[in-house]
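**Q** Here is the input, now give the coordinates:
(2 chains)
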Amino acid sequence: MSSPIISVAQNPRQTDPSGAPQGSPVQQDVGPEAPKSAVRQFLMSRSSGKAADTTFSAIMLMCALSIFAIVLFILFILIARSKLSLSQFGFKFFTRSAWDPVSGDFGAFSFIYGTLATSLLALLVAVPLALGVAVFLTELCPQKLRAPISFVTELLAAIPSIVYGLWALFVLVPIMRDQLGPVLTKYFGWTHLFNGYNFGLNLLSASIILAVMILPIISSIARDIMLAVPISQREGVLALGATRWEMIRMGVLRNARIGIVGAIILGLGRALGETMAVTMVIGNHPEIPKSLFSPGYTLASVIANEFSEATGDVYLSALIEIGLALFLVTIVVNVIARALVWAVTRGAPARAH
Amino acid sequence: MRERRVKLSLLAALAIAIAGGTAVAQNINAAGATFPYPIYNRWFTEYAQAHPNVHINYQSIGSGGGIRQVSDGTVDFGASDGPMTDQQLSQAKVKVMHIPTVLGAVVPVYNIPNLNKELNFSGDVIADIYIGKIQKWNDPRIARDNPGVNLPNHQIVPVYRSDGSGTTYIFTDYLSKVSPEWQSKVGKNTSVKWPGPGVGQKGNEGVAGMVRQTPYSFGYVELIYALQNKMAFGQVKNAAGKFVKASPEGVTAAAAASAKNMPADYRVSITNAGGDSSYPISSFTWLLIPRQFSDPAKAKAVKDFLTWMLDKGENEAAGMGYAPLPAQVQAMVRKTITTIK
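**A** Now for the predicted structure:
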């Protein structure tokens, strides 16, 4: 069983600027003695083939390199501006959870913890839901419902985060405090995940609103990936006597898995950096949360909250180092995710062909 | 015919533009505190209407930003809700002086369902609510200040400002004065390490919204915000032992009580001021004016504005919820302005 979806998913990589301009396909199609078509004549009259190709490839290369330049520049500025805090606290900055602007004692651990905890919890909620939406849309949905459901999913992605934040503050938080919270404590209190006083502003509320925000990203990309799986794959699996669920599992999800992981990574990226909505519902209390009902704090939130009124050089420098920490956390999480993809797909081609 | 008219009007527009350009237009850039922004904005707009050649552009980027930018000389003057520290003053590239403009206050707000009476709070009680020592509304120390009020046996939900703010500075400055434990454990700043349980919300509107929708919560907001939004707020015990409800008059009284000991550089905290009618959680807000301008015309424009502020601007303060400077302080400021070069 070949897996064309893998080549579909990898296609964009093959068109990187260094590989693109090797030989012009138009020239290969038309032999030297063949009569020149109108289109060909027009093209030849407009450009001098080789020079245009080289220029084009150089420009594209510059575009690609500018990404590296931007990332390096950001990293450079973050390190240069956080020098004071880096020299005062060293690498312990990332493992200590002190945050006291009065005495000038700073550490990022509680913020790193809050960022990772909310993002991973959000993935836990959003991924099954998003995949469910994507599978339903591509495989099971009646034609009539397909357009409205995908439209509404994409609409969710277009809502600004401040609106999500307001909705969470006025709708989700009271529900969490008065209805959902007591039920969770009653039935799942034994897990110790739902202990402590429930303010309504807590890790769980922040994770749920993050999950809602990343749901449309994951589901719409996953849907597009699944749509790209050729129909022959599905027919082949069905012809072998598979049930519908087996067809989806073996024919669709299996072929689309790399793209799906890519979609999840994109969603995770948004969750890690999300600022406004999380700030409004997480409670902004810099402590290592003991349960899902404890208020927490994230890296992005503390920058948004304290940057404008930060007085004192070390304080300001520590806040910029928080930015550096967020940058590093994003990189580390992405590397881990890529490594996971690699580990999952390493053995795949052998089995597929 | 039509074309000619267009040309004529273009010429006229050009002439006006040139004339406008040749008149000595003075652009003054300023940045800083958000708390006094509403009244500053009104002052600068009115001043520009009365003096078309002076335009003051004020950006409310926060006190921290105001201090940094005026110290580096990137703006012509700054504004701050908390006075600059000695260290900040000595490190600043541009030497600045503090000019008090108006006063503000911070009030305690709370949400107890089915309670119609206004609550009284002592300073040490407020401190211990945030430290976590007082956790229930029916704590004997709250009951002592509110005889006859039926307080519920329910957990208090403390709410504080998560963003750095002058409001938090004034509030923690007050708590440091009335509670030795607060002084040693927490201290005062635009944002602090909150010692007890509780949640942080961004801005006055965030804290007020949270308190409004959370039963049994307790928080603090600026007086002007509470007045504009018609929020109920509690009375606070002042240094003379009287429970006072915040009002612009009570704040000006606190400033007047401290005016006798006013230092020459105006960097004074008036929280917990003496006097029967003084409201204890009050503070000045300051403009940070360079002692010396490189451009004499600019210095003159700033001096003229400050004089106008004392003559006209102060009268508008009370109407907007700010407390005007007491007369003695106004007289002092008038003398200080003349020293700007």
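
**Q** where does the residue nearest the centre of chain A land on pLDDT?
**A** With distances taken as C-alpha atoms, centre = their mean, residue A:266 lies nearest the centre of chain A, 2.0 Å away. What the model reports for residue A:266 is a pLDDT of 89.

**Q** Can you name the residues that contact it?
**A** Applying C-beta atoms under 8 Å, 6 or more residues apart in numbering or on different chains to residue A:266 gives the contacts A:217-218, A:221. Where you see a C-beta, it was placed from the backbone N, CA and C, and this is true even at glycine.

**Q** Name the next helix or strand downstream of the worst-scoring helix or strand of chain B on mean pLDDT, please.
**A** Of the helices and strands making up chain B, the lowest-confidence element is helix B:2-22, at a mean of 54, by mean pLDDT, DSSP states H and E. Sequence-wise, the next helix or strand downstream of helix B:2-22 (DSSP states H and E) is strand B:26-32.

**Q** helices and strands around the next helix or strand along the chain from that next one, which ones?
**A** Downstream of strand B:26-32, the next assigned helix or strand under DSSP H and E is helix B:37-50. Here helix B:37-50 touches strand B:54-59, strand B:96-111, helix B:296-308, helix B:314-317, going by 3 or more C-beta pairs under 8 Å, 6 or more residues apart in numbering or on different chains; DSSP states H and E.

**Q** make it 10 Å
**A** If you count contacts as 3 or more C-beta pairs under 10 Å, 6 or more residues apart in numbering or on different chains; DSSP states H and E, helix B:37-50 packs onto strand B:26-32, strand B:54-59, strand B:96-111, helix B:223-228, strand B:282-290, helix B:296-308, helix B:314-317.

**Q** any idea whether residue B:171 is helix, strand or coil?
**A** Assigned with DSSP: H, G, I helix; E, B strand; the rest coil, residue B:171 falls in the helix class.

**Q** ok, it - how many residues close by?
**A** Residue B:171 is flanked by 26 other residues according to other C-beta atoms under 10 Å in any protein chain shown.

**Q** Kindly report the same for residue A:76.
**A** Residues near residue A:76, counting by other C-beta under 10 Å, number 10.

**Q** what about the helix or strand where it lies, near chain B?
**A** Assigned by DSSP H and E, residue A:76 falls within helix A:49-81. No: judged by C-beta under 10 Å from any C-beta of the partner chain, helix A:49-81 stays clear of chain B, getting no closer than 13.0 Å.

**Q** And that helix, how far out from the chain middle?
**A** From the chain centre to the centre of helix A:49-81 is a distance of 23 Å (C-alpha atoms, centre = their mean, to the nearest Å).

**Q** which helices and strands does that helix pack with?
**A** Using 3+ C-beta pairs under 10 Å, 6+ apart: helix A:49-81 touches helix A:38-46, helix A:313-345.

**Q** what's the angle between the shortest one and helix A:49-81?
**A** An angle of 70 degrees separates the directions of helix A:38-46 and helix A:49-81 when computed by axes from the mean of the first three to the mean of the last three C-alpha atoms, to 10 degrees.

**Q** Distance from the chain centre to helix A:38-46, please.
**A** 44 Å.

**Q** on that earlier part again, in terms of distance to residue A:195, which of the contacts of residue A:266 ranks first?
**A** residue A:218 (30.6 Å; C-beta to C-beta).

**Q** what's residue B:305 in contact with, if anything?
**A** Shown in contact with residue B:305 (C-beta atoms under 10 Å, 6 or more residues apart in numbering or on different chains): B:26, B:28, B:43-44, B:47-48, B:51, B:54, B:56, B:77, B:287, B:313, B:337.

**Q** Considering those, which possesses the most neighbours?
**A** residue B:77 (28 neighbours).

**Q** Kindly state the domain boundaries assigned to chain B.
**A** Domain assignment for chain B, taken from automatic domain parsing, gives B:27-103+B:283-337, B:105-258.

**Q** Pipe those domains into JSON lines and attach mean pLDDT and distance to residue A:112 per row.
**A** What follows is those, written out as JSON lines (pLDDT from 0 to 100; distance: least, C-beta to C-beta, whole Å):
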{"stretch": "domain B:27-103+B:283-337", "mean pLDDT": "90", "distance to residue A:112": "24"}
{"stretch": "domain B:105-258", "mean pLDDT": "91", "distance to residue A:112": "17"}
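
**Q** what's the closest non-adjacent residue to whatever residue of chain B ends up closest to chain A?
**A** Chain A sits closest to residue B:164 of chain B, with a gap of 2.7 Å, by C-beta to the nearest C-beta. The shortest distance from residue B:164 to any non-neighbouring residue, by C-beta to C-beta, 6 or more residues apart in numbering or on different chains, is to residue A:309 (2.7 Å).

**Q** which stretch of helix or strand covers the one you found?
**A** Assigned by DSSP H and E, residue A:309 falls within no helix or strand.

**Q** Identify the residues contacting it.
**A** When contacts are counted by C-beta under 10 Å, 6+ apart, residue A:309 is found next to A:101, A:315, B:33-34, B:61-67, B:80-82, B:161, B:163-166, B:168-169, B:189-191.

**Q** mind listing which of those residues are in helices?
**A** Counting by DSSP state H, the contacts of residue A:309 place A:315, B:63-67, B:166, B:168-169 in helices.

**Q** backbone phi and psi for the residue in the stretch 251-353 of chain A positioned nearest to chain B, please?
**A** Residue of the stretch 251-353 of chain A nearest chain B, by C-beta to the nearest C-beta: residue A:309 (2.7 Å). In terms of degrees, to the nearest 10, the main-chain angles of residue A:309 are phi -110, psi 10.

**Q** State the distance from it to residue B:168.
**A** Computed as C-beta to C-beta, to the nearest Å, the residue A:309 to residue B:168 distance reads 8 Å.
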